[in-house]
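A.B. asks: Sequence first, then the predicted structure, then my questions.
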Amino acid sequence: MKLSQRVQNLTPSQTIAITAKARELKAEGLDVIGLGAGEPDFNTPDEIIEKTYESLKKGETKYTPASGIPELKKAIIKKMARDNNLDYSMDEIFVGNGAKHVLYNVFQAVLDEGDEVLVPTPYWVSYTEQVKLAEGTPVLIETDESTSFKLTPELLDQHVNEKTRMLVLNSPNNPSGMVYTKEELKALADYLEKTDIIVVADEIYEVLVYDGEHISIASFSEKIKKQTVVINGVSKSHSMTGWRIGYACADSALIKGMTGLASQSTSNPTTPAQWAAVAAYEMDKTFLDSYNETFRNRRDHAYDLLMTVPHVECIKPEGAFYLFPNFKTTAVKCGFQTVDKFVTALLEDKQVAVVPGSAFGLDDNIRISYSISEEMMTEAMTRIKNFVTERI
Ligand code: PLP
């Protein structure tokens, strides 16, 4: 069957592919350790599950408004005011089927053919594909270790032209784990305020910050707030990836456009999952504190072990749950021309699955998710170290 050009041009998500490959090898009986996970490794808190069950029993099983139930919008508004110093009204909130779907709707609602969207590398795999699906043109801005993989106003200025419509800014970052400081964000906000560029601020890893603090770029002024779409959700914050609830906070005109799209495509996100998200935001904050501490300890543990692997260079990440080391020298010293080839051989020989940096636009790095137990991480790092020392 002949498929559309749109679908033929699509690059399937490599992170999902590597997770599937690891699962496949596991099913064959191999002892695979997957370091590709993009989700917390424990179950959704019981309190959320119980409240969802109660809502189902009460009959919350029907259609809702396409952009979400008022109760969830109110909970989001409260959260944004409390945690991000941002005031939104009900018509400035859109709830969708996970942050990924919300981002998809944002690009569909804003872009026309040929509009350019600036995407700093390394980038989360779906941004560029979603921009293409909306007939926009992704324009990559290469960042490297010299700016801790962060965008600067100077770099931004080199890529802005009359076709630039949007900029994607993801902090805490997947895959680099970097978190923009207040000063860095302020400098970007000062530059952006002088333009009409729409800023897509993907803040899905907000609660997973270990050094410094999370600040939303939208919070610097009314002007920057008006041109920013804040993306967030409960997937990473409450271990709710499968429930599919994410949201956008933005100017009401954009929210209206996104709601129209949803009304003709997905309708509302699943009703019980919306009530689950209300329960998540009503939960005591001590849950988030212990959650954060678990991941901070895992980060320290994984980073210390990684630094014992010969020739590896890695900036210590400040947030999310990924390490993003440069493996180029290690790969070459082990006899591999590329880090991609090193990654494939590592999976075949030692059954450790990591995601190659090429999936995120940086060929010399790999992404290691530390969303696994410390025991498993110790075993994985031992295998990686053995793989390397057996070859150099
Ligand atoms: N944004 C980033 C940076 C992510 O890493 C992910 C998930 O991996 C998402 C958005 C999508 O989140 P959701 O599961 O809510 O669709």
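C.D. replies: That came through fine. Numbering: from 1, shown residues only.
A.B. asks: Pull up the gap between residue 210 and the ligand, please.
C.D. replies: According to CB to the nearest ligand atom, to the nearest Å, residue 210 and the ligand sit 17 Å apart. C-betas here are computed from N, CA, C, even on glycine.
A.B. asks: Report pLDDT for residue 74.
C.D. replies: Here the pLDDT value assigned to residue 74 is 98.
A.B. asks: Spit out the contact partners of it.
C.D. replies: For residue 74, the contact set (CB atoms under 8 Å, 6 or more residues apart in numbering) comprises residue 90.
A.B. asks: how about 7 Å then?
C.D. replies: Shown in contact with residue 74 (CB atoms under 7 Å, 6 or more residues apart in numbering): no residues.
A.B. asks: does it belong to a helix or a strand, and which?
C.D. replies: helix 70-84 (DSSP states H and E).
A.B. asks: What is the worst-scoring helix or strand of the chain on mean pLDDT packed up against?
C.D. replies: Lowest by mean pLDDT, DSSP states H and E among the helices and strands of the chain is helix 14-27, with a mean of 79. The contact analysis (3 or more CB pairs under 7 Å, 6 or more residues apart in numbering; DSSP states H and E) places helix 14-27 against strand 352-353, strand 355-356.
A.B. asks: For the first one, which strands pair with it and how are they oriented?
C.D. replies: Just to be clear, that refers to strand 352-353. Sheet pairing for strand 352-353, assigned by DSSP bridges, gives strand 33-34 (parallel).
A.B. asks: tell me which element residue 247 falls in.
C.D. replies: Here residue 247 is assigned to strand 246-249, by DSSP H and E.
A.B. asks: To residue 86, which of the helices and strands packed on helix 14-27 lies closest?
C.D. replies: strand 355-356 (32.4 Å; CB to CB).
A.B. asks: Please work out the average pLDDT along the closest one.
C.D. replies: pLDDT averaged over strand 355-356 gives 94.
A.B. asks: related to what we said a few turns ago, could the C-alpha coordinates of the strand holding residue 247 be exported in PDB?
C.D. replies: Taking Å, rounded to 0.1, in the frame of the first residue of the first chain, the C-alpha atoms of strand 246-249 are listed here in PDB:
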ATOM      1  CA  GLY A 246      -0.100  16.500  29.800                       C
ATOM      2  CA  TYR A 247      -1.100  20.200  29.400                       C
ATOM      3  CA  ALA A 248      -0.200  23.500  27.900                       C
ATOM      4  CA  CYS A 249      -0.600  27.000  29.500                       C
END
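A.B. asks: what residues does the stretch 151-300 of the chain put near the ligand?
C.D. replies: Contacts of the stretch 151-300 of the chain with the ligand, taken as CB under 6 Å from any ligand atom, map to 170, 174, 202, 204, 233, 235, 241, 246.
A.B. asks: Could I get the contacting residues of the residue nearest in space to the middle of the chain?
C.D. replies: Residue closest to the average C-alpha location in the chain (CA atoms, centre = their mean): residue 174, at 5.0 Å. Contact analysis of residue 174 by CB under 7 Å, 6+ apart lists 124, 205, 320, 322.
A.B. asks: What of residue 354?
C.D. replies: Residue 354 makes contacts with 35, 36, 343, 346, 366, 367, 368, as judged by CB under 7 Å, 6+ apart.
A.B. asks: So which other helices or strands are in contact with the helix or strand where residue 99 lies?
C.D. replies: Using DSSP H and E, residue 99 maps to helix 98-110. Judged by 3+ CB pairs under 7 Å, 6+ apart, helix 98-110 is in contact with strand 93-96, helix 126-133, strand 228-233, strand 246-249, helix 252-263.
A.B. asks: And the ligand, is the first one touching that?
C.D. replies: Right, the one you point to is strand 93-96. No - using CB under 6 Å from any ligand atom, strand 93-96 stays clear of the ligand, coming no nearer than 8.6 Å.
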